[in-house]
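*Asks:* Model the following, please.
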Amino acid sequence: MVSFTLGFRKVGNAEKRRDKRHPAPVFSVKIDGQSCETINWSLGGLLLRNHRGYLAPTRVVRIEISEQLKASQRDARLTNAGPARSGPAVYVLDGQVVHCNATKNQLAVRFVHLPPLLLKFFERHLIAYRQRRW
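*Replies:* Residues are numbered from 1 along each chain as shown. Predicted coordinates:
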């Protein structure tokens with residue numbers, strides 16, 4: 001018999017993540033020049049769709065994340081969330097391939113180092129997205 005106060009069993013696989021994953025907003029990303037979109041993202045990395053080909057795990061890649069969101073996600077609050085610019089800001093950083101599924105055209109990368117400006121970018125867009133939903 002299992003005690004309800006002392007004996008709990010794990011159900012399913014517990015995730016060992018430091019950072020919460022967010023499915024939205026969806027960002028346009030380039031990996032070594034190839035355009036992709038986020039399936040989900042966190043402050044630790046990205047899971048991407050529309051990636052063609054195979055990249056070996058641990059390979060270091062160049063990640064470009066654009067301030068430009070998909071047309072369906074544009075909102076006045078997002079436009080006003082940051083400083084005025086003539087065009088969308090592009091954040092460039094290094095990432096390391098975690099896994100690549102060429103059959104599903106998916107790629108998971110983790111950030112080697114998250115610059116403070118990119119951290120503010122994610123925070124700004126997550127706050128604006130949540131405000132839009134409420």
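
*Asks:* what residues does the longest strand along the chain touch?
*Replies:* As assigned by DSSP state E, the longest strand anywhere in the chain is strand 90-101. Residues from elsewhere that reach strand 90-101 (C-beta atoms under 8 Å, 6 or more residues apart in numbering): 31, 45-46, 51, 54-67, 106-115, 117-118, 121. (Each C-beta comes from the backbone N, C-alpha and C, glycine too.)

*Asks:* Narrow those residues to those that are buried.
*Replies:* 31, 45-46, 51, 55, 61, 63, 65, 67, 106-109, 111, 114, 118, 121 (16 or more other C-beta atoms under 10 Å).

*Asks:* Surely L43 and P116 touch.
*Replies:* No: the criterion here is C-beta atoms under 8 Å, and L43 misses it with P116 at 11.6 Å.

*Asks:* what's the angle between the longest helix along the chain and strand 90-101?
*Replies:* Counting residues, the longest helix found in the chain (DSSP state H) is helix 116-133. Calculated by axes from the mean of the first three to the mean of the last three C-alpha atoms, to 10 degrees, helix 116-133 forms an angle of 80 degrees with strand 90-101.

*Asks:* Look up phi and psi at the nearest residue to I39 once chain neighbours are set aside.
*Replies:* Excluding the flanking residues, the one nearest I39 by C-beta to C-beta, 6 or more residues apart in numbering is L47, at 4.5 Å. For L47, the backbone dihedrals are phi -110, psi 120 (criterion: degrees, to the nearest 10).

*Asks:* same check, this time on the one 10 residues further on
*Replies:* Recorded main-chain torsions at P57 are phi -50, psi 150, according to degrees, to the nearest 10.
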